[in-house]
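Asker: I need the structure of the sequence given here:
(2 chains)
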There are 2 protein chains.
Amino acid sequence: MRALIGLAAVLAAGSAAAQQPAVPPGMQWLYGSGEGGATGIQAYHAFRDYVVAAARHRPRNSVVLADGATLAAPRFVPCGRRPLAVVLDVDETALQNLGYEFDDATHPGRSYDQQRWNSWEQTGANAVLPIPGAVTALQAVRRAGVTVIFNSNRLAAYAEASEAALNGAGLGPARHGATLWLQNDVAPGSGKDPRRAAISARYCVIAMAGDQLGDFSDLFNVRGVAVAERRRLATTGAVANLWGNGWFVLSNPVYGTGLRGNVDDVFPADRRWPAAQGGNR
Amino acid sequence: MRALIGLAAVLAAGSAAAQQPAVPPGMQWLYGSGEGGATGIQAYHAFRDYVVAAARHRPRNSVVLADGATLAAPRFVPCGRRPLAVVLDVDETALQNLGYEFDDATHPGRSYDQQRWNSWEQTGANAVLPIPGAVTALQAVRRAGVTVIFNSNRLAAYAEASEAALNGAGLGPARHGATLWLQNDVAPGSGKDPRRAAISARYCVIAMAGDQLGDFSDLFNVRGVAVAERRRLATTGAVANLWGNGWFVLSNPVYGTGLRGNVDDVFPADRRWPAAQGGNR
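Answerer: Numbers count the residues shown, from 1 in each chain, chains lettered A, B, ... in the order given. Purely as a prediction, here's the structure:
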């Protein structure tokens, strides 16, 4: 579907530039396109079908990695007789942060500001929408008797506003201390393993959803892991089999730990073109 | 997973800028990240499981829209007793065009050039990789007795090179005139409906995969459809139910018909922030 693309891009860039800042391509795709919306629905269809089926046969193990497990040799927390739950990230997994990204798109060149994000957490609850497909999927999951738990790096200090954002979008009930777990609830910092362990002590977690690898295991975020090695960890071996099969990934090309790497990191050295570099043909 | 992102982005941008052109975020995510790789695997797991199950019960209707159907009231081509097939797009659906995108990333600011793309079709067969998850999924589909057909807007004139790209990546057999359909094979232009109709005359198409809405129906690409309306068409009603359920979408924030729209197109007017615009907080 390559042929018409160049012209469309030129026209879009031209008309946008005349009036207002151009919207970054990742935002156009994720928040504006039918393609991006379809990926959300597809992921949540798979999530829903998997969870409803798993709730029937009651798996022996959760999908949360056990303490001491590795990505190369994953082991999972046994479920015992604990009640069933799913664990989801919030931002760009359950919620589209449209107001915040609108503000970002209309201030090009500005760098990330934690205070601005904090202000968004506190005051943005009405400027969000659910990810397409999320509301009906979570309804079906709850009807199957499975508790929906959100595990977010939003701050516990602003819990009420984050509850309002989720509940207002139709994704709730989200209640801090029960179905909404936030940064600093269990341990300081953005690592989510301590919260996953605490949730796993109370529930059998049969599925997880997130837009960042850290929504599944902090082992992906070990310091110093090169870009290509991190991709390899996520796409080979036993971990590869989990995608769509207990671990559900939402597409987010707008921000996050996936947006790293220079040309040599991103493009394999043996997949370059033209063969004689320097000249274009 | 918002907290560490700002710092990472600043560090990445700083170090890349010192040495070589920065890689656009969409490319970092799609070609370089574990997150992007995981979405490919997840989509192909769903595709494989759906196709293997559908091949067992032999559906009455294909997933190709019938002549005269609309997106609001889709009707599908009846299967009769025709053999089973799946239809996939090629670029960024089955293949990662790494060499071409490397060349693009290292020439920032350059606009799309159809001649350069044509040259890539002719000479780039060795500078690709399969989308993660595609090879094993297509093997499973073929084992289930289902023919794998590629429907691409690459040009029929360069069919041999496109066959070599697909076969070399382990995605074949792709043979022009049988399992590889190209632009100008049935009708001129980039619309894929005429080729889908011709394939449907020979096969019962039980699933389709693509990264562009035009890989499913040309009705999405009717001239003059506004960005928000196009997203609505893809994410509501009967069409919404098809994602992951006969129609399988691959994430592509790098190029294509989804990368359109200015701020007013992409961000709903009732989801803006801060409430008092102009000032930040």
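
Asker: if I look at A:H57, how far off is A:Y50?
Answerer: Noted for A:H57: a distance of 11 Å to A:Y50, by C-beta to C-beta, to the nearest Å. C-beta coordinates here come from the backbone N, C-alpha and C atoms, glycine included.

Asker: so between these two, which is more surrounded?
Answerer: Here A:H57 and A:Y50 are compared on neighbour count by other C-beta atoms under 10 Å in any protein chain shown; more neighbours surround A:Y50, at 22 against 8.

Asker: okay, the more buried one and chain B: tell me how far apart.
Answerer: Using C-beta to the nearest C-beta, to the nearest Å, A:Y50 is found at 10 Å from chain B.

Asker: what residues are up against that residue?
Answerer: Contacts of A:Y50 were listed using C-beta atoms under 8 Å, 6 or more residues apart in numbering or on different chains, and they are A:207, A:244-246, A:248.

Asker: overlap between those and the residues near chain B?
Answerer: Counting by C-beta under 8 Å from any C-beta of the partner chain, A:244-245, A:248 from the contacts of A:Y50 sit close to chain B.

Asker: am I right that A:D193 is in contact with A:D218?
Answerer: Yes: contact between A:D193 and A:D218 holds when scored by C-beta atoms under 8 Å: they sit 4.4 Å apart.

Asker: quick one: residues contacting A:V227.
Answerer: With C-beta under 8 Å, 6+ apart as the criterion, the residues that contact A:V227 are A:260-261, A:265-266, B:32-33.

Asker: give the buried residues for the longest strand along chain A.
Answerer: The residue-count maximum for a strand in chain A (DSSP state E) belongs to strand A:147-155. When neighbours are counted by 16 or more other C-beta atoms under 10 Å in any protein chain shown, the buried residues of strand A:147-155 are found to be A:147-155.

Asker: mean confidence score for that strand?
Answerer: For strand A:147-155, the mean per-residue pLDDT is 98.

Asker: now do the buried residues in the helix or strand following it.
Answerer: Of the helices and strands lying after strand A:147-155 in sequence (DSSP states H and E), the nearest is helix A:159-168. For helix A:159-168, a neighbour-count test (16+ other C-beta under 10 Å) marks A:159, A:161-166, A:168 as buried.

Asker: confidence score at A:S15?
Answerer: In this prediction, A:S15 carries a pLDDT score of 49.

Asker: tell me where chain A has strands.
Answerer: Under the criterion DSSP E, strands of chain A are mapped to A:61-65, A:76-78, A:84-88, A:95-96, A:129-130, A:147-155, A:180-183, A:204-210, A:247-249.

Asker: dump the ones you listed to a markdown table, plus distance to A:R271.
Answerer: Listed next are those as a markdown table, based on distance: least, C-beta to C-beta, whole Å:
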| stretch | distance to A:R271 |
| --- | --- |
| strand A:61-65 | 32 |
| strand A:76-78 | 35 |
| strand A:84-88 | 35 |
| strand A:95-96 | 33 |
| strand A:129-130 | 38 |
| strand A:147-155 | 35 |
| strand A:180-183 | 39 |
| strand A:204-210 | 29 |
| strand A:247-249 | 24 |
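
Asker: between these, which one is nearest to B:Q183?
Answerer: With respect to B:Q183, and counting by C-beta to C-beta, the nearest of the strands of chain A is strand A:247-249 at 32.2 Å.

Asker: center of chain A - which residue?
Answerer: Averaging the C-alpha coordinates of chain A gives a centre point, and the residue nearest to it by C-alpha atoms, centre = their mean is A:D211 (1.5 Å).

Asker: contact partners of stretch A:188-196?
Answerer: With C-beta under 8 Å, 6+ apart as the contact definition, stretch A:188-196 has outside contacts at A:64-65, A:87, A:151, A:153, A:181, A:183, A:185-187, A:205, A:214-215, A:217-218, A:221, B:1, B:3-4.

Asker: span of it from start to end?
Answerer: Counting by C-alpha to C-alpha, to the nearest Å, the length from the leading to the trailing residue of stretch A:188-196 is 14 Å.

Asker: in it, what counts as buried?
Answerer: Applying a neighbour-count criterion of 16+ other C-beta under 10 Å, one finds A:190-193, A:195-196 buried in stretch A:188-196.

Asker: quickly name whichever of those is closest to chain B.
Answerer: Proximity of the buried residues of stretch A:188-196 to chain B was ranked by C-beta to the nearest C-beta; the top entry is A:S190 with 4.3 Å.

Asker: per-residue pLDDT of the closest one, please?
Answerer: 93.

Asker: likewise A:A275?
Answerer: Confidence at A:A275, expressed as pLDDT, is 75.

Asker: mind listing what it touches?
Answerer: Applying C-beta under 8 Å, 6+ apart to A:A275 gives the contacts B:T123.

Asker: now do A:V90
Answerer: For A:V90, the set of contacting residues under the criterion of C-beta under 8 Å, 6+ apart consists of A:150, A:152, A:154, A:162, A:165-166.

Asker: compile those residues into TSV and extend it with columns for distance to A:A140.
Answerer: TSV is the format used below for the contacts of A:V90 (distance: C-beta to C-beta, whole Å):
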residue	distance to A:A140
A:F150	17
A:S152	22
A:R154	25
A:S162	23
A:A165	22
A:L166	17
